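Chemist: Next one to model:
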Amino acid sequence: MTRGDLEGLSFVLLSVILRFMSTVLQIQDLSKTFGTRQLFSDASVTICIGQRVGLIGANGSGKTTLMRMILGQEKPEEGKIIIYPDMKLGYLEQNEEYPEGETVIDYLVRVSECESWECAKMAGKFDIKNEKLDAEFLSLSGGYQMRVRMAGILVQKPDLLLLDEPTNYLDLQTVLLLEEVLKSYRGSLLLVSHDREFLKNVCTHTLELEHEKFTLFAGDIEAYFAEKETRLEMQRRYNKKVQIQQRHLKDFVDRFRAKASKASQAQSKMKQLEKLKTIDIAHSTRTARIKLPSVPQRNAMALDCRDLCVGYAEGKPVLADINFEINRGDHIAVVGENGQGKSTLLKTLAGELQELNGSFKWGHNLNVAYYAQHVPQMMPASGTAGDYLKSVADRALPEELYKMAGNFLFSKDDLDKSITVLSGGEKARLCLAGICLGKFDVLILDEPTNHLDFDTVEALAEALDEYSGTVIFVSHSRTFVSQIANKILEIKDGSARYYPYSYEIYVYELKTHETFVPPGEDNRGVEGEVPFVRSKADVHADMQKEKRLQKKLEETSQKLTTEKERLLAWFIENTSKVDVEKTKRLKELDDEILDSESLWFSAQTRFDALEKEMSLISNGK
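Modeler: Reported below is the predicted structural model:
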C-alpha cells in the first residue's frame, strides 16, 4: 500500500469518526497571513450539527477570509478545513445574475432546484405570498430581494449555512423575519454579524477570533462577554492575591535566610515562592476611543421641513409632504423598510440631492457633516490613509491628526498604508476619523455601523450618546439605535411620520400592533367633568401597599446580592475552571438585581406621589 493510499484511508477513517460525532465542520491547525498581518496561527475549532454559531472578532481579524476558505475561494497556508462530501453548504453569492423578467417563484425554483410548492412555502415565512410570488424579482426593493434570496437558500435545507453580514442594509421588518426563520432552522449556521441583538436572538454558540486563535463558547454573545469579563476579573484578582503572597514569602526569606534557627523554614518558603505563578492574561485587542468635539447647547431649532418633496428629477417623488421640526441636540433615528427613501431623504438634507418641492431650513450657522451609506467604497482609489485624513481635515494640526488616527486604531505606520489594502471596517473607521476631526453641529449618518466590529460600534454609540449636537441617522442595528435615539422618524408609503417616543416603544408597537399610550393619557377626564377626589383611607391603603412592596423588593435584592457574592467567591477560588451555568447565572443575577432596584425606585416614586396627594387632601385642596 502506497503512502497516498494510507493518507486517503486515514482521511476516510477520520471522516467516518467525525461524522459519527455529528461534526459538520472541522478546522485543524489553521494558519494564514494577509500581507504582513498574521490572521490565524495553529487555530482549531469544531462545529457540530445543529449549532448556530455567531463568529465575532475585530475588524481585519480574518472573519471574511475564514468564510472564503471554507467555501474554497482561498487556500490556507497550513492546516486543514474538513467538510464532508455529502454535506450541503448554503451561502449568499456576492454577485448573482438575475435574468430580466424572471419572477420570484421562477428565481426560487431555478436557484434551489426544488418544487414550486416547496419554494412558495419557504417564501411565505418571509411574508412573500400570493401576487408577490409572481412579481418580477428585479422590481423588488433591496430588502425584499434579500428575503427571496434567503428563502432560495433555506429551501435547499443546507447542512451548514454561511452568512456574512446578512443584516447589512436590511430594514427592521426583514431582520425580525430573518431572526424567526433562523431560530427554527435545524441545520448548522456560521454567522458573521455586527448586530449584537441579532446574534443574541439567533445563535446558540459564540466563536471569537482573537489573538489568531478561536474560542468557542456554548452560549449566546451576552453570556460569552459576561463569562469573558468575569474570567478576566477573576484572573486579575487571583494574580493580585498571588503577588501579595509572593511579597510575604519573599520578605520572610530575605529576613530569616541567614538565621540558623529559621534556615529550614526559609528554604521551605523559597520552594513555595517558586511554585506560586501568576496567570498570563491575554489582553483584548485595542479598542477605538471616539470623542466627538463638543457643541454649544442651545434651546433652538435645528431643522425645519415644510411640505418637503424628495426624489430624483427623472422619476416620480420618493417622499412627499414631509413636515417636521427638530430641536438642537435631538438624536433622530430614521427607520422604515428598504427602498422607502431613507437614504434619499438624508442625501437631500445633506445637500447631495436637490429637493423636488417644498423646503427645509437648517438653524443659524449650523455646520453639517454627512456620512453616506457607501462612503468606504467611494474613497479614493489611490493614496494612503494619511493622505485621506489630510484631504478631509486640512485645517487640523499634525498632532491633532495623529491623535485622532490613534483613537481609531491607526498607528503612524498604518497611515502610510495604501487605501486599497484596508478592510471594509478600516475604511469605515478612517471615514469616521475624518468626520471627528471637523467641528460639526449636525451629523447625518447613513448606516455608520456597517463593517465595524463590536468594540468600535460600542465606542461610536457611547460617543454619539454623549454628543451634545444634533444627530440624524439610519441604522439597522437595534442595540445601536436604542442607545442613541430619543425620537423616531418613520418612512413609510411615501411619507414621513415624526414619532416622539423611544425606539423600544416603536419596536414594541411594530411587534404587537398595539398603540402606545403615554402614562396619564388613558385616564384624562372629560372636559367639564368634576375631578374625582379619593378618601384619606384609600390613599393611606395605597401608601401601605407601596411600603410593603418596597420591603419585599429590598429582601429580594439582598438575597440576590448574597447569591452573587457566593458565585464570585467560587470564581476566585476556581480561576482555572469554566462553568457555563454559573457564568450564565451571574449575568442573570446582575439583570435581576437591576430590575429589582428599578422596581424599588418606581415604588418610591409612586409613594412620593401618594404622600403629596395625602397632603392635598389633608389641607382641603
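Chemist: On the three-state scheme, I326 is what?
Modeler: What DSSP: H, G, I helix; E, B strand; the rest coil gives for I326 is strand.
Chemist: Now do the contacts for it.
Modeler: M301, A302, L303, I332, T470, I472, K487 (CB atoms under 8 Å, 6 or more residues apart in numbering). No exception for glycine: its C-beta is placed from N, CA and C like everyone else's.
Chemist: go again using 7 Å as the cut-off
Modeler: Contacts here follow CB atoms under 7 Å, 6 or more residues apart in numbering; on that basis I326 touches A302, L303, I332, T470.
Chemist: any idea how far the host helix or strand of the first one is from the chain center?
Modeler: Which is A302. Assigned by DSSP states H and E, A302 falls within strand 301-311. Offset of strand 301-311 from its chain centre (CA atoms, centre = their mean, to the nearest Å): 31 Å.
Chemist: buried set for it?
Modeler: Neighbour-count burial for strand 301-311, counted by 16 or more other CB atoms under 10 Å, picks out A302, L303, C305, L308, C309, V310, G311.
Chemist: burial measure for R566, as a count.
Modeler: Look at R566: counted by other CB atoms under 10 Å, it has 9 neighbours.
Chemist: Which residue ranges of the stretch 301-450 of the chain form helices?
Modeler: Ranges of helices in the stretch 301-450 of the chain, per DSSP state H, counting those that start in this stretch, are 342-349, 385-392, 398-407, 424-437.
Chemist: nearest to H211, of the ones you listed?
Modeler: helix 424-437 (17.8 Å; CB to CB).
Chemist: what pLDDT, on average, does the closest one get?
Modeler: Mean pLDDT, helix 424-437: 82.
Chemist: Please enumerate residues in contact with the strand holding A302?
Modeler: If you take CB under 7 Å, 6+ apart as the criterion, strand 301-311 is touched by 317-328, 330, 341, 344-345, 348, 353, 355-363, 366, 442, 470.
Chemist: so what strands line up beside it?
Modeler: Strand 301-311 has its sheet partners listed here by DSSP bridges as strand 317-327 (antiparallel), strand 357-362 (antiparallel).
Chemist: S31 is in contact with E78, isn't it?
Modeler: Yes: using CB atoms under 7 Å, S31 is in contact with E78, at 3.9 Å.
Chemist: Neighbour count for these two, which is higher?
Modeler: A count of neighbours by other CB under 10 Å puts S31 above the other of S31 and E78, at 15 against 12.
Chemist: In a strand, the more buried one, correct?
Modeler: Yes: assessed by three-state DSSP, S31 belongs to a strand.
Chemist: Against Q73, how distant is it?
Modeler: Applying CB to CB, to the nearest Å, one obtains 18 Å for the distance of S31 from Q73.
Chemist: what do you get for L176?
Modeler: Separation of L176 from Q73 (CB to CB) stands at 31 Å.
Chemist: Out of the strands paired with strand 301-311, which one sits most buried?
Modeler: Comparing the strands paired with strand 301-311 by mean neighbour count (mean count of other CB atoms under 10 Å), strand 317-327 ranks first with a mean of 18.
Chemist: Compare L176 and Q73 and say which is more crowded by neighbours.
Modeler: Neighbour totals were compared for L176 and Q73, and L176 leads with 16 against 10 (other CB under 10 Å).
Chemist: JSON lines for the contacts of I326, including distance to T420?
Modeler: Converted to JSON lines, the contacts of I326 look like this (distance: CB to CB, whole Å):
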{"residue": "A302", "distance to T420": "38"}
{"residue": "L303", "distance to T420": "37"}
{"residue": "I332", "distance to T420": "35"}
{"residue": "T470", "distance to T420": "35"}
